[in-house]
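Undergrad: Mind folding the following:
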Amino acid sequence: MKTTCFTILIIMLLACAQPTQTEIELKENIDRPIHLNMFETVQQAGDTLLYSAFRSQYKFLSVIYLENSCEPCFPKFVEWQQRMDSMDIPNNYTVLFVINGNSYEDFMSHVLKIEYVDDRFFTIMDTNGKYLKHNKDIPKWINEASILIGAENKIKMIGAPWLNEDMTKLFYSTVSK
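TA: Residues are numbered from 1 along each chain as shown. Model (predicted):
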């Protein structure tokens, strides 16, 4: 991770260009904490677990924020299910979908109109918009991009692990620690 940040810094200095707003926000948000403790439970395949018990099982989480009223969110959910099937996922890692909406069943009915998927990951239904309220210092575009967090709930990576070869390498090097 330090090597990646150092490389980015060198490239920016050599390019003699000011960093873009996106680059500034990315740098500012690495190692920033994500607040999830306000949720008491998570769901997986119809089962409900206490959030604290769930969190103690996994050192790393990809947190994917979705909205039930967001048309692009349904294919994004399908893509995460399918792409993670093809990755070698360590036992200390899982995916957590935080869905702003009232009903998991309603969300899944929209998803299943696109394509059938077995939802094998975890979900929090955020019925009161708590996630964005408690994480208001993190730009919404970063939350929508997906966030990899570690055991201390700090951001380790922003973006999906399959976006490109560098992201995949960064993902595996992070979750193997």
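Undergrad: can you map out the helices along this protein?
TA: Using DSSP state H, the helices of the chain run over 2-15, 21-29, 51-57, 73-85, 104-114, 130-134, 140-145, 165-175.
Undergrad: Can you list the buried residues in the fourth one?
TA: Under the neighbour-count criterion of 16 or more other CB atoms under 10 Å, helix 73-85 has 73, 74, 76, 77, 78, 80, 81, 84 buried. (Glycine included, C-beta is placed from N, CA and C.)
Undergrad: In terms of pLDDT, where does the fifth one sit?
TA: According to the model's per-residue confidence, residue 78 sits at a pLDDT of 95.
Undergrad: and stretch 135-146, which residues are buried?
TA: 135, 138, 139, 142, 143, 144, 145, 146.
Undergrad: can you check stretch 144-160 too?
TA: Buried residues in stretch 144-160, counting neighbours by 16+ other CB under 10 Å, are found at 144-150, 155-160.
Undergrad: who's the residue most central in space within the chain bridged to?
TA: The chain has residue 63 as the residue nearest its centroid, 2.6 Å off, counting by CA atoms, centre = their mean. Beta-bridge partners of residue 63, counted by DSSP bridges, are residue 96, residue 147.
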